[in-house]
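Trainee: Generate a structure from the sequence data that follows.
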Amino acid sequence: MAPPKHSAGKFKGKKPSLPPKPTVADPPDDESSVSDASDMVDDDYGSRTFLLNSSISKEGEGKKNQRKRRRTKDEDAEDSEEEKPRVMPGGKKQQLDDPSQKLHFLLPVKSGDGGVQMRYRQVEDVREVAKVAEAKKVAEEKAKAVAPKNTEYKKFGNDPKWKQRVASLAFDVLEDPEKNLRCVRELLSGLAEVEAEIDAQITTAIMASLTEIFKDILPGYRIHVASEVEQDQLMKKETLQLRHHEEALLGVYQKFLQQLEKAITIIYKRKDLAPDELARAGCAVKCISELLVTRIDFNFRKNLIDSMVHISTCPFPALVEISVSTIQRIFKQDRQGDATVDTMASVSKVAKTKGHKISPLLLEAFMDVKVSKDLLKSLADEKEKAAKLDRKLLSYKERKHKKEVAKVEKELQNNQLEENKKLKGRLHSQIIQSVFAIYFRILRREDDKVRMRLLPSVLKGVARFVHFIGVEYMDDLVKTLNGIVENEDCKPLEKLLCVRTVFAILSGDGSSLNIDPFKFYEHLFKVLHSLDGTENRALYIELFHCVQKGFIERRKLISADRAARCAKGLANLALRSATKEGVAVSLLLKAVFIAHPSLDRYLDAEFVSSTVAPGGDMGSASGPLWELHQLRKHHHPANRAIIDALLGNPKSLTGTFSKLLHCDPVEYLADASTDIFDA
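Mentor: Here you go, the predicted model:
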């Protein structure tokens with residue numbers, strides 16, 4: 001056929017652009033070449049471009065249309081073949097749901113009738129077969145390691161040699177914990193026996209033995225419980241064995257804690273317990289205490305802390321004391337602060353639930369909480385800096401640069417000291433918030449009985465942590481304390497605690513506040529003159545704290561007359577007090593004279609007589625300190641030596657009394673050891 005003629009006017013001398021000549025793939029020579037080419041074909045047979053790129057020649061328009069129609073028939077035939085179920089060369093259908101089988105597709109061939117025949121071969125997937133075998137092996141080993149055998153152990157209550165049995169089982173576990181966890185299950189069977197069929201001595205012995213066993217074999221880290229996805233992952237045989245052992249160990253440990261909790265529940269139901277029941281409960285409380293303190297980083301920490309806090313609300317003082325001492329040990333040994341945060345959250349929750357009807361000892365345990373002011377200050381500075389950066393409008397390039405710098409710094413930070421410091425700062429901030437949330441809820445309670453019972457412990461804590469409070473809250477706190485002091489039912493110890501708290505506020509960040517402490521100084525003088533010397537040492541120690549805060553630390557803000565009133569009150573108290581308390585008061589009086597040198601003029605009778613108005617009282621605050629001359633004749637030699645040194649004879653505090661020269665009155669009075677200076 002001749003090529004079609006084109007008019008010259010249509011193209012205007014330009015040659016028509018022809019379509020590019022398609023590339024034609026050479027057909028395979030034989031079947032072997034087709035099989036070798038199968039490696040280039042996708043397994044899912046998703047790409048079939050070699051069927052669509054048939055060779056097309058430019059011989060004429062009619063032949064072109066004819067080949068186009070034929071290509072359409074081939075496509076229809078191919079689609080019909082795809083819709084048919086695939087069969088093997090033998091005529092059997094392939095089971096595609098078999099995970100160990102896999103179809104390897106070959107290049108298709110054209111049949112004699114013009115159709116397309118698909119070809120593939122059946123191969124075994126080695127990876128899938130290995131995975132299935134490994135999964136079966138893992139399941140068998142896990143069932144063997146975790147699932148305990150349904151063995152009926154001999155009852156300990158009927159065994160006359162139960163002591164040897166318990167000792168033998170404990171020795172086997174400590175010898176090889178991985179192989180002998182069955183011994184732990186056998187010991188747990190003794191705790192599961194009916195209480196009527198087993199003696200309390202046997203139960204407590206098993207509890208104590210299991211506690212020592214777990215203290216020895218439990219790891220110092222928290223065991224991670226694998227999820228379903230993690231259990232299906234392939235891992236080394238040693239890693240798999242370790243995981244199975246940890247899961248089995250965690251399971252028996254949980255059963256032991258459940259048995260301990262079961263033995264404790266009786267203390268909440270009845271107040272009159274039999275000796276055997278009280279012995280079981282007391283042993284269970286001690287076991288929980290030891291496990292919590294020695295394995296504070298292991299699993300079930302929050303559960304054990306909740307149990308300890310709840311035990312502190314029971315009606316048995318011995319168990320309450322164990323619980324409070326455990327909480328104090330947690331506060332003392334907690335370096336990071338996370339265990340203290342969990343404990344404070346549990347105490348807050350229990351206090352709300354019980355209507356704050358908790359033991360004062362539990363609140364006094366807060367005195368052992370470790371909080372760093374430097375960490376809190378650095379955390380506050382960081383927050384303020386971050387807030388300023390957020391308020392500043394940054395361009396797109398600046399924001400991008402900031403993100404890149406932060407990313408690089410995080411990657412290059414090999415030493416985690418700075419990150420741990422930030423974490424500790426956040427934890428300490430949470431601790432302070434929890435502590436004052438509990439304190440303020442008690443101070444604002446309308447129930448006077450509950451508040452007055454817990455008020456001494458609360459005020460001690462407020463005085464201890466008052467320098468952590470923000471300045472914006474100090475004014476309201478001072479008003480609250482003033483209302484407590486002016487209450488007629490307020491006891492001398494509670495008044496002194498309020499006064500000490502206010503002095504602590506004024507000595508720290510609250511010095512910038514417009515607060516007049518005159519009322520609190522007057523309350524301090526009233527308490528000082530009302531003491532008759534028969535009070536307990538706790539009241540004396542609190543009085544000493546108030547004098548040190550109000551007259552020694554704030555000496556630059558105290559007038560001479562106010563210091564003289566304090567000195568005269570302390571001298572009178574030293575005359576009325578007992579031996580050791582009197583010596584401690586004299587030591588405090590000596591410290592007041594050192595802090596206020598202007599008090600020396602009150603020892604001069606001529607100066608005092610000139611300042612006292614005619615008809616005035618020489619025993620008033622502005623009168624001479626005649627009590628010092630009576631103290632020089634005191635029956636206690638240490639008291640006489642202190643007053644002699646105060647009146648100008650420093651050599652009196654030498655030799656036997658040299659230790660009193662730099663002795664702190666609070667430490668001297670708080671020392672419960674035998675007084676070497678007793679006459």
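Trainee: does Val109 sit in a helix, a strand or a coil?
Mentor: Here Val109 is strand, with the state taken from DSSP: H, G, I helix; E, B strand; the rest coil.
Trainee: In this model Tyr120 seems to touch it, though I could be wrong.
Mentor: No: between Val109 and Tyr120 there is no contact under Cβ atoms under 8 Å: 12.0 Å. To be clear about C-beta, it is placed using only N, CA and C from the backbone, and glycine gets the same treatment.
Trainee: okay, these two: which has more neighbours?
Mentor: For Val109 and Tyr120, the more surrounded residue by other Cβ atoms under 10 Å is Tyr120, and the numbers stand at 19 against 13.
Trainee: Run a quick neighbour tally on Gly190.
Mentor: For Gly190, the tally of surrounding residues (other Cβ under 10 Å) stands at 26.
Trainee: how far away is it from Gln259?
Mentor: Computed as Cβ to Cβ, to the nearest Å, the Gly190 to Gln259 distance reads 10 Å.
Trainee: ditto for Glu488
Mentor: Glu488 sits 52 Å away from Gln259, going by Cβ to Cβ.
Trainee: same deal with Cys287?
Mentor: 10 Å.
Trainee: More neighbours: which of those two?
Mentor: More neighbours surround Cys287 than the other of Cys287 and Gln259, with 24 against 20 (other Cβ under 10 Å).
Trainee: Tell me the secondary structure at the more buried one.
Mentor: Three-state assignment for Cys287 (three-state DSSP): helix.
Trainee: Let me see the contact set for it.
Mentor: Cys287 makes contact with 207-208, 210-211, 260, according to Cβ atoms under 8 Å, 6 or more residues apart in numbering.
Trainee: quick one: which two of those residues are the most distant?
Mentor: Using Cβ to Cβ, these span at most 11.4 Å, a distance reached by Ala208 and Leu260.
Trainee: who has more neighbours, these two?
Mentor: Taking other Cβ under 10 Å, Ala208 and Leu260 do not tie; Leu260 has more neighbours (24 against 16).
Trainee: Would you check that my belief about the more buried one contacting Ile288 is correct?
Mentor: Yes: proximity of Leu260 to Ile288 meets the contact threshold set by Cβ under 8 Å, at 5.7 Å.
Trainee: If you rank every helix and strand of the chain by mean pLDDT, what lands last?
Mentor: helix 49-52 (a mean of 32; mean pLDDT, DSSP states H and E).
Trainee: show me where pLDDT drops low in this protein?
Mentor: The chain contains residues with pLDDT under 70 at 1-104, 122-132, 135-151, 374-393, 410-419, 447, 509-512, 604-623, 649-658, 672-679.
Trainee: So which residues of it form strands?
Mentor: Taking DSSP state E, the strands of the chain run over residues 101-110, 116-124.
Trainee: Quick one: residues contacting Val229.
Mentor: Applying Cβ under 8 Å, 6+ apart, we find Val229 in contact with no residue.
Trainee: actually Asp489, sorry about that
Mentor: Counting by Cβ under 8 Å, 6+ apart, Asp489 makes contact with 448, 452.
Trainee: ok, now how distant is it from Leu531?
Mentor: Here the criterion is Cβ to Cβ. By it, Asp489 lies 19 Å from Leu531.
Trainee: what's the answer for Asp448, then?
Mentor: According to Cβ to Cβ, Asp448 stands 25 Å off from Leu531.
Trainee: ok, for Ala167, nearest residue in space, not its chain neighbours?
Mentor: Distance criterion Cβ to Cβ, 6 or more residues apart in numbering; nearest residue to Ala167, sequence neighbours excluded, is Ser209 at 7.8 Å.
Trainee: in the stretch 201-350 of the chain, which spans are helices?
Mentor: For the stretch 201-350 of the chain, applying DSSP state H, counting those that start in this stretch gives helices covering 228-231, 237-264, 266-269, 275-294, 301-311, 317-333, 338-353.
Trainee: Which residue, other than its chain neighbours, is closest to Leu642?
Mentor: Leu isn't right for residue 642; it's Ile. Once flanking residues are discounted, Ile642 sits nearest to Ser586: 4.3 Å by Cβ to Cβ, 6+ apart.
Trainee: from what I can see the one you found touches Ala641, true?
Mentor: No: counting by Cβ under 8 Å, Ala641 is not a contact partner of Ser586; they are 9.2 Å apart.
Trainee: Which one's more surrounded, those two?
Mentor: Under the neighbour definition other Cβ under 10 Å, Ser586 and Ala641 were set side by side, and Ser586 has more, 29 against 26.
Trainee: what number of residues lie near Lys262?
Mentor: By other Cβ under 10 Å, the residues close to Lys262 number 13.
Trainee: Asn482 too?
Mentor: Neighbours around Asn482, by other Cβ under 10 Å: 16.
Trainee: Identify the residues contacting it.
Mentor: So Asn482 contacts 498, 519-520 (Cβ under 8 Å, 6+ apart).
Trainee: List only buried entries from these.
Mentor: With burial judged by 16 or more other Cβ atoms under 10 Å, the buried subset of the contacts of Asn482 is 498, 520.
Trainee: Including distance to Ser372, could the contacts of Asn482 go into JSON lines?
Mentor: Shown next, in JSON lines, are those (distance: Cβ to Cβ, whole Å):
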{"residue": "Cys498", "distance to Ser372": "27"}
{"residue": "Lys519", "distance to Ser372": "34"}
{"residue": "Phe520", "distance to Ser372": "29"}
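Trainee: Now, the contacts of Asn482 that are in helices?
Mentor: 498, 519-520 (DSSP state H).
Trainee: Nearest to Lys354, out of those residues: which one, please.
Mentor: Cys498 (25.5 Å).
Trainee: Spatially, which residue comes closest to that closest one, not counting chain neighbours?
Mentor: Leu481 (4.3 Å).
Trainee: For burial, what's the neighbour tally of that neighbour?
Mentor: So Leu481, with other Cβ under 10 Å, has 24 neighbours.
Trainee: ok, so what distance separates it from Ile515?
Mentor: Separation of Leu481 from Ile515 (Cβ to Cβ): 11 Å.
Trainee: Need the overlap of contacts for these two.
Mentor: Common contacts of Leu481 and Ile515 (Cβ under 8 Å, 6+ apart): Val502.
Trainee: Pull the number of nearby residues for Ser507.
Mentor: Using other Cβ under 10 Å, the number of residues around Ser507 comes to 16.
Trainee: What sits closest to it if chain neighbours are left out?
Mentor: Of all residues not flanking Ser507 in the chain, Glu553 sits nearest, at 5.4 Å (Cβ to Cβ, 6+ apart).
Trainee: Could you report the separation of the one you found from His224?
Mentor: Distance, Glu553 to His224, using Cβ to Cβ: 51 Å.
Trainee: between the two, who's got more neighbours?
Mentor: Set side by side, Glu553 and His224 show unequal neighbour counts under other Cβ under 10 Å, the larger going to Glu553 at 15 against 12.
Trainee: Assess the claim that the more buried one and Gly508 are in contact.
Mentor: No: contact criterion Cβ under 8 Å: Glu553 and Gly508 do not qualify, at 10.2 Å.
Trainee: and Tyr602, what is it in contact with?
Mentor: Tyr602 neighbours (Cβ under 8 Å, 6+ apart): 564, 567, 608, 624-625.
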